[in-house]
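Student: Only the shape, not the letters, is given here:
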């Protein structure tokens, strides 16, 4: 039984500490002290590398506040998450922070209506602690090993990466993935796994992306890695931190869309500046890809910069709108979402939706005449194929 004092942190803070401990946010390799934190917030650089805001630990709560007020330099404190000891920290110093200023440094706003601000406010205290620490969090080390093993297995010399939510996976995502594979020996897809529930669960998005990769592209050239999207990646400096993470995972290139929320802050008349000036110091190539749309004149997926037809001919891949269709139980048109992906998502999202599924299947669908057990996913696939039958329309 430990006699150390305890600080209570949530799983999001634990994941972030583990990323830094593993060297994935290098050159940041520790919790910053007060002088370092102020310098980083002022210059947005740390050890000569762009870093948008100080890396500090300031857990909220009355218990934490009382402990932080009594800690002394050199003292060891236990880190507790979800009732379990997950690590230890040796105190260098404690110091006060301004929560409102920190929110602004991360998100560019302290407006409580901002979802990121609201979430971080609920977890951010007024006293930070610095010092060396060690935490146990196997997922991060497992991710590193999987990437290293895949690079060794494939002999990849040039590794490309992309960060996507695939919420849900659509045809534009597919085009970006195919394009990224063309230019690389190996593509690492960091599938965002936020700690707040937004849209489809992670396991559903992972299954859908895996279904596409396993059946429609060279499986041995793509690796899916769960990317726990902690608060430090949620702000307007997201692209800089994505680039640092990808580089430290061993990737040589990061692919982003020109309609990326963070990129839009810097994109002006086809000239990229500021964020990419920063990325030069991170030592990773940044490749931007055009927005893709479906053109009802071209009858295919096209880039907005290469299609001569106007906006009134374009169907956009708006994730929130596609998500509303799926959450309502509706099958998205196949020009938006591949039928195999739609069937997989709907079967996972609405399990046991239909009474007497087998009876419905045999009464509606063409078949061999043999009585075979059909899954809900197979039912959706057959139903989509009926929607695509056009001889009577």
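Tutor: All right, it came through fine. Computed from a prediction, not measured in an experiment: that's the story for all the values here. Residues are numbered from 1 along each chain as shown.
Student: who are the neighbours in contact with the residue nearest to residue 21 when sequence neighbours are not counted?
Tutor: Sequence neighbours aside, residue 135 is the residue nearest to residue 21 in space, at 6.1 Å (criterion: C-beta to C-beta, 6 or more residues apart in numbering). Glycine gets a C-beta too; all of them are placed from N, C-alpha and C. When the contact criterion is C-beta atoms under 8 Å, 6 or more residues apart in numbering, the partners of residue 135 are 14, 17-18, 21, 79, 86-87.
Student: quick one: which of those has the most company?
Tutor: Across the contacts of residue 135, neighbour numbers were computed from other C-beta atoms under 10 Å; residue 17 holds the maximum, 26 neighbours.
Student: so that one, which of the three states?
Tutor: With DSSP: H, G, I helix; E, B strand; the rest coil as the basis, residue 17 sits in helix.
Student: Would you check that it makes contact with residue 132?
Tutor: No - distance between residue 17 and residue 132: 11.4 Å, which falls outside the contact criterion (C-beta atoms under 8 Å).
Student: on that earlier part again, quick one: mark the members of the contacts of residue 135 that sit in helices.
Tutor: The subset of the contacts of residue 135 located in helices under the criterion DSSP state H comprises 14, 17-18, 21.
Student: Shouldn't residue 254 be within a strand?
Tutor: Yes - using three-state DSSP, the secondary structure at residue 254 is a strand.
Student: what's the burial count for it?
Tutor: Counted with other C-beta under 10 Å, the neighbours of residue 254 add up to 26.
Student: my guess is it contacts residue 283, does it?
Tutor: No - taking C-beta under 8 Å as the contact criterion, residue 254 and residue 283 are not neighbours in contact, 11.5 Å apart.
Student: Find residues that contact each of these two.
Tutor: residue 247.
Student: one step back: could you check the pLDDT of the residue nearest to residue 21?
Tutor: The score at residue 135 is 98. That number is its pLDDT.
Student: Quick check: the gap between it and residue 10.
Tutor: Between residue 135 and residue 10 the computed distance is 13 Å (C-beta to C-beta, to the nearest Å).
Student: Would you state the helices of the stretch 101-250 of the chain in chain order?
Tutor: With DSSP state H, counting those that start in this stretch, the ranges of helices along the stretch 101-250 of the chain come out as 115-121, 138-154, 171-182, 202-216, 238-248.
Student: what about the stretch 201-350 of the chain, any weak spots by pLDDT?
Tutor: Applying pLDDT under 70 to the stretch 201-350 of the chain flags the ranges 235-236, 259-280.
Student: Settle this for me: residue 233 is touching residue 241, isn't it.
Tutor: Yes - applying C-beta under 8 Å, one finds residue 233 in contact with residue 241, separated by 5.3 Å.
Student: Looks to me like residue 363 is in a strand.
Tutor: No - when three-state DSSP is applied, residue 363 is found to be helix, with no strand at that position.
Student: On the three-state scheme, residue 360 is what?
Tutor: helix.
Student: Correct me if wrong: it contacts residue 379.
Tutor: Yes - taking C-beta under 8 Å as the definition, residue 360 is a contact partner of residue 379 at 7.2 Å.
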